[in-house]
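Trainee: Below are the sequence and a predicted model for it; my questions follow.
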Amino acid sequence: MAKEPKDQAVSERLPVARVAVDISLAHLDRPFDYLVPASMDEMAVPGCRVRVRFAGQLVDGYLLDRIQTSEHQGRLARLERVISPEPVLTPEIFNLARAVADRYAGTLADVLRLAIPPRHATAEREAPSAPQAPSAPQAPSAPQAPSAPQAPCTPQAPCTPQAPSAPQAAGVQPPGPGAPPPRPGPGSWTRYPAGQAFLAALAEGRPVRAAWSALPGPEWPAEIAIAAATTAAAGRGVVIVVPDARDLARVDVALTAVNQGDEPGHVCLTADLGPAERYRRWLAVLRGTVRVVAGTRAAMFAPVGQLGLVVLWDDGDDLHAEPRAPYPNAREVLALRAHKAGAAALIGGFARTAELTQLVVAGWAKPLAGRPEVLRQVAPRVRAAPDEAELARDAAAMTARLPSLALRTARTALAGTALAGTALAGTALAGGARNGGAWNAGPVLVLVPRRGYLAAIACDRCRAQARCSACGGPLQVGGSNEVPGCRWCGALAADWTCPRCGSGRLRALVTGAARTAEELGRAFPGVPVRTSGGQHVLAEVPAEPALVIATPGAEPVAAEGYAAALLLDGWALLGRPSLRAAEETLRRWLNAAALVRPGGAVVVLAEASLPVVQALIRWDPAVFAERELAERAELGFPPAVRMAAITGLPAAISEFVGSAGLPARAEVLGPVPAGPNGADHHPEPAERALIRIPRADGLALARALHAAQAARSARKDVGTVRVQLDPAEVA
C-alpha cells in the first residue's frame, strides 16, 4: 500500500480530535471524532477553532479534546483546517455552556455563539500575550453523556458551594508576577450592617453570595467597584453585568477611580465597540492580562481566570434576558457559574425580584440591605396621590392625570422654595443649601410609562378603543394635529368612525411622553423641558431647574440628584396583563425614585392602599418580593415552579407535547393563541402551550424537551416549534 503524503499523514500523538461542530440541530448536539493530520499537530490544541467537513459541507467547530482512540467504528474524516491555534474555549466556559444548554433545553452550539465572539484575525495578532508563559495545555473534558448541572437554589435541592478551581486552558493564566493591586477601603459599604463582612469574605476568597438591596442614591457603581477591587486584590477575577451601556459607563468610571495601579485593572465589553476592539478586549481577558470584566448581557460568559466574584446589577431588567436560543437569563447563568466555580456572587439592585428571593429562601444567598437609620437619611419622601388629605383639598384629584399635589410639588422643586405640607418641608436636600428658608432648586423627573404622543385612543362618546379597520390593531396619534394611524400595520385612519355608536370624535386613552412634555411645557412656561426615551436617551442632565420627561429605563442622572419626581399613570403599569406587572412596576418606580436627592419629594399617581405603593412609600422591596413569591407558590407560578413555553403551529404543538415523554409530575396548560394579541394579525395563527413542573424536576423536563426537539430535527418535521424554559412572561 502506498504511503500517504506527508500533509495527509495522521499525527502519531493523540491522533483523534473530539470536535463540537457549530450546528444547532438538537439531534447533533454531541461531539464528533476527527483525525488530526500531522501537519496540524502543534496547532490543534484543545479549545481552538477548527474547520471540518460535516455532511458534505465545511462547518466551523471547536476542538474539545485529543484522545488516542475513537469509539466510532467507521472511517474518520480529517480536520480540514485549524482556523487559529488560540484556545478560545476554556474548560470553565465549556462546562458552563454545556450546563446552560442542559438547563434551558438548548444546544451547545447555540450557547457557544453567545459566549465566544467572532474571530478577528488582526486583533488576534495584535492583542498582548499572557503575562507569563503558559503551562502545558489541559483540554476541556469531552462530554460523553451530558451530566445534569445542579440548578442553583431550589428548596428541594439547595446548592453546596464547590471549591474554586484554577484556570486550565492554554494561555489563560493568573495575571503576571507583579504584586496584586492594593485592597481598597470599604467606602460606602459601611452603610450596610454586613457590608464589611462581605468585603472581608471576598478578600479571603470565600464563596459568599448576597441578595443586595442597594440603598438609594448614586453610590452603587462605587460599591460594585470596591467589591471588584477587593476581589482582584486577592488575585481572583471578577465578572460584572449591568443592563445597558449607560449603567456600564457609570461602572466604568467607578472602576477607573478605584484602580490604584499603573496598569488598567479592567475592561468593558459592549456591542458598540466594533468587532476588532471587542475581540481585542475579550482576548485580553482570555490571556489573563486583566482580572475584572464589566459589560452588558454577553459579558456573563467572559473567560475570566480564577473567578472570584460575579456581580449582576438590577437583575429584574428584561435586558438581562437573551432573546436568542436557548434564551438564558443572566441571573441564572451567573448564579450557575458562581456555583460551579466556587465564586462569590453579588446580585441585586434597588428592587428585589421573586427569583432572587427564591435564592434567599433556598439558602443559596443571604440578604444584604442597608442600615434602617441610613435608609431614612438617604431615601426620598414618597407620597401617593390621591390620598385622603389631598382629596379633601382637591375633589378632582381622583380623576386628574396631573392633580394639584403633583403640580405643587414640581413648582416647589423648580423654584427652590419650601412649601408647607409637602414632602420637602422639614427636610434637607443632598448637595443643596438652605438660605433664608429657601431650598436649592433642581430638575424634576417626570416618569411616563409610554413613549409617543397618544399611545392609544378611544371613541369620545362610548369610550370603545379605536381600532384599525384593516387589521384590527389599536390606533394611535403620533403627534399634535397628526392623523391617527395603526400601531400594527401603519395604515392611516383619517375618516375613522366608531363601529359601535357611529361617532367620529376621539379622546386620549393612553397619553405618551411627547404629549406629557407638551402639557407640562404649557403649565410651566419658561422652564426648560427635556425628554429622554426611545431613540433619544439622555445620559445626564445638569443641576439647573428643568422638567425631564422620561420613559422607564431612560431616566438620565441629574448632576446633584433630582429635587423631585412625579411617577405618572400608575394604572398603565399595574394594569398590564402580566404576571410580573406589580413587581416590574415597583422596580421602575424605585429606580426612578433612587435618582432623587435625600429627602426630596416623590409623588406616585396610584392608589395608596395597594401593596406595591406601600412598598414604595416604605422603601421595602424585600418584603414585597417575599409576598410575591408566596402568592406565586400558592398559585403554582414561576419561580416557585419551573415552566416551559412551547410555541408553534397547532398541529406541531399537539404532536410535540404528545410525544415529548414528559416527567410524571408535568402539567400541560393550553394551548392558547400565541402572543399578547392572540393570532388575529399573524399570517399563520400560532399557539402556545405551557408545561409546569416542580423545581426539583426542572432538569428532567429540560432533558425531555431536548429529546423531543432532537426527534423532530432527525425526522425533519415541517414547522418550527420554539421551546423556552423559564420565560419572562407566561401570559
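Mentor: Everything's here; your move.

Trainee: ok, the closest residue to Leu76 other than its chain neighbours to Leu402 distance?
Mentor: Closest residue in space to Leu76, ignoring its immediate chain neighbours: Leu35 at 4.8 Å, by CB to CB, 6 or more residues apart in numbering. For every residue, glycine as well, the C-beta is placed using N, CA and C. Plainly put, Leu35 is 74 Å away from Leu402 if you go by CB to CB, to the nearest Å.

Trainee: just Ala581 next, same as before
Mentor: Distance, Ala581 to Leu402, using CB to CB: 23 Å.

Trainee: sorry, back to before: and the residue nearest to Leu76, what does it touch?
Mentor: Contacts for Leu35 (CB atoms under 8 Å, 6 or more residues apart in numbering) come out as 10-11, 15-17, 76-79.

Trainee: at 10 Å what do you get?
Mentor: Contact analysis of Leu35 by CB atoms under 10 Å, 6 or more residues apart in numbering lists 8-11, 15-17, 70, 75-79.

Trainee: How about Val613?
Mentor: Neighbouring residues of Val613 by CB under 10 Å, 6+ apart: 382, 384, 567, 570, 574, 582, 585-586, 589, 604-607.

Trainee: repeat that with 6 Å
Mentor: 384, 606 (CB atoms under 6 Å, 6 or more residues apart in numbering).

Trainee: Show me how to select, in ChimeraX, the buried members of the contacts of Leu35.
Mentor: ChimeraX command restricting the contacts of Leu35 to the buried ones, with burial defined by 16 or more other CB atoms under 10 Å:
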select :11,15,16,17,70,78,79
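
Trainee: Looking at the contacts of Leu35, spot the one nearest Ala369.
Mentor: The shortest gap between Ala369 and any of the contacts of Leu35 belongs to Ala17, at 51.3 Å (CB to CB).

Trainee: Can you tell me who that closest one pairs with across the strands?
Mentor: Note on Ala17: beta-bridge partners Tyr34, Arg66, judged by DSSP bridges.

Trainee: and the gap between it and Gly553?
Mentor: 46 Å.

Trainee: can you check Gly288 too?
Mentor: In this view, Gly288 and Gly553 are 35 Å apart by CB to CB.

Trainee: Then Val293?
Mentor: When CB to CB is the yardstick, Val293 and Gly553 sit 23 Å from each other.

Trainee: what does Pro87 give?
Mentor: Noted for Pro87: a distance of 38 Å to Gly553, by CB to CB.

Trainee: what's the answer for Asp717, then?
Mentor: Distance, Asp717 to Gly553, using CB to CB: 39 Å.

Trainee: who has more neighbours, the two?
Mentor: Each of Asp717 and Gly553 has its neighbours counted (other CB atoms under 10 Å); Gly553 has more, 19 against 14.

Trainee: Got phi/psi on the more buried one?
Mentor: For Gly553, the backbone dihedrals (degrees, to the nearest 10) come out as phi 90, psi -10.

Trainee: Equivalent analysis for Ala594, please.
Mentor: The phi and psi values for Ala594, taken as degrees, to the nearest 10, are phi -70, psi -20.

Trainee: That one: what's it in contact with?
Mentor: 216, 350.

Trainee: 10 Å instead?
Mentor: Contacts of Ala594 by CB under 10 Å, 6+ apart are 214-218, 220, 349-351, 378-380, 555, 561-562, 565, 602, 619.

Trainee: swap in Glu634?
Mentor: Counting by CB under 10 Å, 6+ apart, Glu634 touches Ala640.

Trainee: so it is in which element?
Mentor: helix 621-635 (DSSP states H and E).

Trainee: Next secondary structure after that helix?
Mentor: Toward the C-terminal end, the helix or strand that comes next after helix 621-635 (DSSP H and E) is strand 641-648.

Trainee: which element follows that following strand toward the C-terminus?
Mentor: Next along from strand 641-648, by DSSP H and E: helix 650-659.

Trainee: Which other helices and strands does the helix or strand where Arg515 lies contact?
Mentor: Using DSSP H and E, Arg515 falls within helix 513-523. Where contact means 3 or more CB pairs under 10 Å, 6 or more residues apart in numbering; DSSP states H and E, helix 513-523 is packed against helix 404-415, strand 444-447, strand 454-459, strand 506-511, strand 529-532, strand 547-550.

Trainee: Redo those as a markdown table? Include mean pLDDT.
Mentor: Putting the helices and strands packed on helix 513-523 into a markdown table (pLDDT from 0 to 100) gives the following:
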| stretch | mean pLDDT |
| --- | --- |
| helix 404-415 | 91 |
| strand 444-447 | 96 |
| strand 454-459 | 73 |
| strand 506-511 | 70 |
| strand 529-532 | 93 |
| strand 547-550 | 94 |
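
Trainee: what about the closest residue to Ala640 other than its chain neighbours, how many residues close to it?
Mentor: Residue nearest to Ala640 in three dimensions, not counting chain neighbours: Ala633, with 3.6 Å by CB to CB, 6+ apart. The number of residues packed near Ala633 is 16, by other CB under 10 Å.

Trainee: In helices only, show me the contacts of Leu35.
Mentor: Among the contacts of Leu35, no residue falls in helices (DSSP state H).

Trainee: Which of the contacts of Leu35 fall in strands?
Mentor: If you go by DSSP state E, these have 16-17 in strands.

Trainee: The helix holding Glu634: which residues count as buried?
Mentor: Buried residues in helix 621-635 (16+ other CB under 10 Å): 621-622, 624-629, 632-633.
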